[in-house]
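S.K.: got a predicted structure here, sequence first:
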Amino acid sequence: MDENTQAGRRGLEYSASKGLPVFIMEPLRGGKLVNKLPQEALDVFANHTKQHTPAQWAFKWLFNQKAVTCVLSGMNSMEMVLDNVNTAATTEAGSLTAEDNNMLKQVSAAINSKMKVGCTACGYCMPCPAAVDIPGTFAAYNRRYTESKFWGFVEYTICTALRKDATSASKCIDCGKCERHCPQSIEIRNELKNAAKELETPVYKFVVKGIEKLKLFG
Ligand code: SF4
Ligand code: SF4
């Protein structure tokens, strides 16, 4: 899911080429790759010839890569510890087949199809002259659809309102600079307008005004 997010796969391989060990955090994206999968993704897993749980596949995908040194994952029970240790012990780098990788690509596509905007958070569109947090806005907007309205709103508020100067989508001045740099050819201005319509609720505006008035962030 995050091969092109932040440093992504390129960063992983570059670090390994310099002899640096790479530790993977949030391998299950905070549990979302286990608990929040759409039915279409579960169907892809169910129809594959080999049967593993979504968590096992996620770990296998990571252990399959030689450049990965260690995977850090929160575990709440002895059962999870044993399961994860077993997956680590039985998955060699390079052991996934072309069919396995193809199946995982289909899972990823099924998850992405639920997203409103295909933003990979690469950040090439930034900085914005009007200080709009473009990838942050799209992450929250997608979360509204892949998880819930509530969590989309929380993420958007934290990422754009809880700061000295709000970085809200509605601050876009339509200059078009960002769209010239987006490798995904996203119609950023239109999508920002859509996101603002849904995310900038009266409560959101109240929070932004309150922070401005109270000068909470100096
Ligand atoms: S079009 Fe809007 S979001 Fe894009 S760079 Fe210009 S002001 Fe920023
Ligand atoms: S909008 Fe495009 S350029 Fe900006 S972070 Fe998303 S994918 Fe990258």
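M.R.: Structure's in. What do you need? Ligands and ions are numbered 1, 2, ... in the order given.

S.K.: need the helix or strand of the chain with the lowest average pLDDT.
M.R.: helix 32-35 (a mean of 82; mean pLDDT, DSSP states H and E).

S.K.: which residues sit against that helix?
M.R.: Helix 32-35 has contacts (CB atoms under 8 Å, 6 or more residues apart in numbering) with Met1, Leu28, Thr53, Pro54, Ala55, Ala58, Thr146, Glu147. Where C-beta positions appear, they are placed from N, C-alpha and C, glycine not excepted.

S.K.: any idea which of those is closest to ligand 1?
M.R.: Thr146 (22.5 Å; CB to the nearest ligand atom).

S.K.: near ligand 1, which of the contacts of helix 32-35 show up?
M.R.: Among the contacts of helix 32-35, none lies close to ligand 1 by the criterion of CB under 6 Å from any ligand atom.

S.K.: ok but Tyr14 is inside a helix, no?
M.R.: Yes: per DSSP: H, G, I helix; E, B strand; the rest coil, Tyr14 lies within a helix segment.

S.K.: show me what contacts it?
M.R.: Ala7.

S.K.: Val208 now?
M.R.: Ala161, Ala166, Ser168.

S.K.: compare these and tell me which is most surrounded.
M.R.: Ser168 (25 neighbours; other CB atoms under 10 Å).

S.K.: residues in contact with that one?
M.R.: Val132, Thr137, Thr160, Ala161, Ala196, Glu200, Val208 are the contacts of Ser168 under CB under 8 Å, 6+ apart.

S.K.: about what we covered before: what subset of the contacts of helix 32-35 is buried?
M.R.: Using 16 or more other CB atoms under 10 Å as the burial test, the contacts of helix 32-35 include Leu28, Pro54, Ala55, Ala58, Thr146, Glu147 as buried.

S.K.: tell me the spacing between the fifth one and Ala41.
M.R.: Going back to what we said before, that points to Thr146. 11 Å (CB to CB, to the nearest Å).

S.K.: quick check: neighbours shared by the two?
M.R.: Between them, Thr146 and Ala41 share the contacting residues Ile111, judged by CB under 8 Å, 6+ apart.

S.K.: ok now the longest helix along the chain, how far from the chain's centre?
M.R.: In the chain, taking DSSP state H as the definition, the longest helix is helix 98-112. From the chain centre to the centre of helix 98-112 is a distance of 16 Å (CA atoms, centre = their mean, to the nearest Å).

S.K.: from ligand 2, how far out is Ser113?
M.R.: 17 Å (CB to the nearest ligand atom, to the nearest Å).

S.K.: ok so, going back, out of the contacts of Val208, which is nearest to Leu72?
M.R.: Ala161 (30.4 Å; CB to CB).

S.K.: Arg163 looks like it's in a helix, true?
M.R.: No: read with three-state DSSP, Arg163 is coil and lies in no helix.
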